[in-house]
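Enquirer: Sequence and computational prediction follow.
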Amino acid sequence: MAAARPPHDIADLGLAEAGQARIEWADGQMPVLRSIRERFERERPLAGTRVACCLHVTAETANLVRTLIAGGAEAALCAANPLTTQDEVAAALVDRHGAEVRAIREEDVDTYSAHVEALVAGEPSVTIDDGADLLTAIHAGRPELLERMLGGTEETNSGLLRVRALEAEGRLGCPVIDVNGAFTERAFNDRWGTGQSTIDGILRATNLLLAGRTVVVLGYGWTGRGIAVRARGAGASVIVCEVDPLRALEARMEGFEVMPALAAAERGDVFITVTGSRDVLRREHFERMKDGAVLANAGHFDVEISLPDLERVATGGRREVLPLVDEYDLGGRRLNLLAKGRVVNLAAAEGHPAAVMDMSFANQALAVEYLVTHGGSLGPGVHPVPEAIDREVARLKLGALGVEIDTLTPDQERYLHSWRRTS
Ligand code: ADE
């Protein structure tokens, strides 16, 4: 039987059946989250908690929301990006799972902000963010809520930068769990999730052949590493651009060419920004690029490729050549921008595969449980995901994959914990 419908602002409730099928498909790839959901159903550790989520509205997120509700929480969801909402999933969450959802694919900036504000008005006790829009909205508009909040969690590096900036100004008003920092989130999500789905998004949008092309990856964090390896696997020559000498050295040792972006600008066929910073590709780069170059951003915010600069240099104007490809005419040379510079793996494909979101969202669900049990004692600041949670997620995932591992013998335990080499 359908649950009573909570408040919502979504595209079309009639899409619920299609959305439910999609949610169930993703659930099949999310055994860790499912096992947590089953425990939450029995134990109800989140009873009475109001959890507001500002996340990409996807089938994977829906399974997180189901898990929170199974734990006894009241859950509300708005989009972390207007281009990534799966309208059918939003409908199923409202119609079949009793979640308050405010998200419409391609909603304009005002609607997006109104949806975030509506979640703030619900006075959540816990927030879950992907980019920190919800938590920063609370800090900016309703700071008095912070004292009563158990805390928040943050999924992305970009969001963490904003949270840490609040902390540096002495203004962070509640504990925030750095879910991005968990090994089972960062290393897996970014490297395999964004790595694969970024290539997927570029191919879906363009149907380019990567073999024989030169792909320039700007930024060599976990995500850049994943993209570079996958682009090489598809037959491309890969150039890496970095500002950090350690990462640049690692990229070189991994066998990639490393050079400044200005030099790479002349060589690349496909450029992928994934730095977390802004204006990584700007006028001086556009002016050097080859005719037909493709520009994609895999970072969270659409500031890595300077759109104002691109508009400025495009003296011949802009036209949409494919649904997610805008061609800018630089007086004879053409540059192709994908998904308006928004995060390409979600805007042109479906984001991280469910099998990696399984681990991220398992961390999220367990981090919310941790906030509920420890929130009062944590104090404002950025807190890591406890190592026990990270290890538990890895243990559950290995179990789901049917992988067994060794345990130390008592002698080995003693050896590893002693400074005497004879013991
Ligand atoms: N971020 C990246 N991929 C995602 C997905 N599939 N669902 C929710 N958030 C995501």
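Expert: Nice, thanks for sending it over.
Enquirer: Let's verify the closest residue to the ligand within the stretch 301-423 of the chain: helix, strand, or coil?
Expert: Closest approach of the stretch 301-423 of the chain to the ligand (Cβ to the nearest ligand atom) occurs at Gly351, with a separation of 2.7 Å. For glycine as for every other residue, the C-beta is placed from the backbone atoms N, C-alpha and C. The three-state assignment at Gly351 reads coil, by DSSP: H, G, I helix; E, B strand; the rest coil.
Enquirer: With the one 4 residues further on instead?
Expert: When classified by three-state DSSP, Ala355 comes out as helix.
Enquirer: so how far is the ligand from the most centrally placed residue in the chain?
Expert: For the chain, Thr156 is the residue whose C-alpha lies nearest the centre (Cα atoms, centre = their mean; 5.5 Å). Distance from Thr156 to the ligand, counting by Cβ to the nearest ligand atom, to the nearest Å: 8 Å.
Enquirer: For this protein, what lies in contact range of the ligand?
Expert: Selection of the chain residues close to the ligand by Cβ under 6 Å from any ligand atom yields 55-56, 58, 60-61, 346, 351-352, 357.
Enquirer: Need the per-residue pLDDT for the residue of the stretch 301-423 of the chain closest to the ligand.
Expert: We have a pLDDT of 91 for Gly351.
Enquirer: got the contact list for it?
Expert: By Cβ atoms under 8 Å, 6 or more residues apart in numbering, Gly351 lies in contact with 56, 58, 60, 84, 193, 197, 345, 357.
Enquirer: circling back to that earlier point, what sits against the residue nearest to the centre of the chain?
Expert: 130-131, 180, 300.
Enquirer: what's the offset of stretch 254-265 from the middle of its chain?
Expert: With Cα atoms, centre = their mean, to the nearest Å as the basis, stretch 254-265 stands 26 Å off its chain's centre.
Enquirer: Straight-line length of that stretch, end to end?
Expert: End-to-end distance of stretch 254-265 (Cα to Cα, to the nearest Å): 21 Å.
Enquirer: in it, what counts as buried?
Expert: For stretch 254-265, the neighbour count (16 or more other Cβ atoms under 10 Å) marks 256-259, 261, 264-265 as buried.
Enquirer: mind listing what's buried in the host helix or strand of His383?
Expert: Here His383, judged by DSSP states H and E, is contained in strand 381-384. Neighbour-count burial for strand 381-384 flags 382-383 (criterion: 16+ other Cβ under 10 Å).
Enquirer: Give me the residues contacting the following helix or strand past that strand.
Expert: Toward the C-terminus, strand 381-384 is succeeded by helix 387-401 as the next helix or strand (DSSP H and E). Helix 387-401 is contacted by residues 31-32, 35-36, 182-184, 358-359, 362-363, 366-367, 370, 404-405 when judged by Cβ under 8 Å, 6+ apart.
Enquirer: Flag the shaky bits of the chain, pLDDT-wise.
Expert: Low-confidence segments of the chain (pLDDT under 70): 1-4, 422-423.
Enquirer: So the residue lying closest to Asp390 once chain neighbours are set aside versus the ligand, what's the distance?
Expert: Once flanking residues are discounted, Asp390 sits nearest to Ala182: 4.8 Å by Cβ to Cβ, 6 or more residues apart in numbering. Distance of Ala182 to the ligand, computed by Cβ to the nearest ligand atom: 15 Å.
Enquirer: now Val101
Expert: Where the ligand is concerned, Val101 sits at a distance of 14 Å (Cβ to the nearest ligand atom).
Enquirer: Tell me what that residue is bridged to.
Expert: Per DSSP bridges, the residues bridged to Val101 are His8, Leu77.
Enquirer: how many other residues sit next to it?
Expert: Neighbourhood size, Val101 [other Cβ atoms under 10 Å]: 29.
Enquirer: Could you say which helix or strand holds Val372?
Expert: Assigned by DSSP H and E, Val372 falls in helix 354-378.
Enquirer: Centre of the chain to that helix, how far?
Expert: 15 Å.
Enquirer: before we move on, back to that, so of the buried residues of stretch 254-265, which ones are in strands?
Expert: In strands, judged by DSSP state E, the following of the buried residues of stretch 254-265 are found: 257-258.
Enquirer: For the ligand, state which of the buried residues of stretch 254-265 is nearest.
Expert: Among the buried residues of stretch 254-265, and counting by Cβ to the nearest ligand atom, the member closest to the ligand is Phe256, at 24.2 Å.
Enquirer: who touches the closest one in this structure?
Expert: Phe256 neighbours (Cβ under 8 Å, 6+ apart): 217, 228, 232, 238-240.
Enquirer: who's in contact with the strand holding His383?
Expert: Against strand 381-384 from outside (Cβ under 8 Å, 6+ apart): 160, 163-164, 167, 172, 175-178, 181-182.
Enquirer: Now render those residues as TSV, adding neighbour count and secondary structure.
Expert: As requested, the contacts of strand 381-384 are exported to TSV (neighbours: other Cβ atoms under 10 Å; DSSP: H, G, I helix; E, B strand; the rest coil):
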residue	neighbour count	secondary structure
Leu160	22	helix
Val163	21	helix
Arg164	17	helix
Glu167	16	helix
Leu172	20	coil
Pro175	22	strand
Val176	28	strand
Ile177	29	strand
Asp178	21	strand
Gly181	17	helix
Ala182	28	coil
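Enquirer: Which two of the buried residues of stretch 254-265 have the greatest separation?
Expert: Phe256 and Ala265 (16.5 Å; Cβ to Cβ).
Enquirer: ranking the contacts of Gly351 by neighbours, who comes first?
Expert: Glu60 (30 neighbours).
Enquirer: so how far is Glu155 from it?
Expert: Per Cβ to Cβ, to the nearest Å, Glu60 is found 11 Å from Glu155.
Enquirer: residue in the stretch 151-300 of the chain nearest to the ligand?
Expert: Counting by Cβ to the nearest ligand atom, the stretch 151-300 of the chain gets nearest the ligand through Gly193, at 6.2 Å.
Enquirer: In space, what's closest to that residue - neighbours in sequence excluded?
Expert: His352 (3.1 Å).
Enquirer: The one you found is in contact with Thr194, isn't it?
Expert: Yes. Assessed by Cβ atoms under 8 Å, His352 is found in contact with Thr194 at 6.5 Å.
Enquirer: Pull up the overlap in contacts between the two.
Expert: Asn345.
Enquirer: got the buried residues for stretch 312-325?
Expert: 313-314, 324-325.
Enquirer: who's in contact with it?
Expert: 204-206, 283, 286-287, 311, 326-332, 335-339, 347-348.
Enquirer: let's see 10 Å
Expert: Taking contacts as Cβ atoms under 10 Å, 6 or more residues apart in numbering, the residues outside stretch 312-325 that touch it are 83, 201-202, 204-207, 282-287, 289, 294-296, 306, 310-311, 326-340, 342, 344, 347-349.
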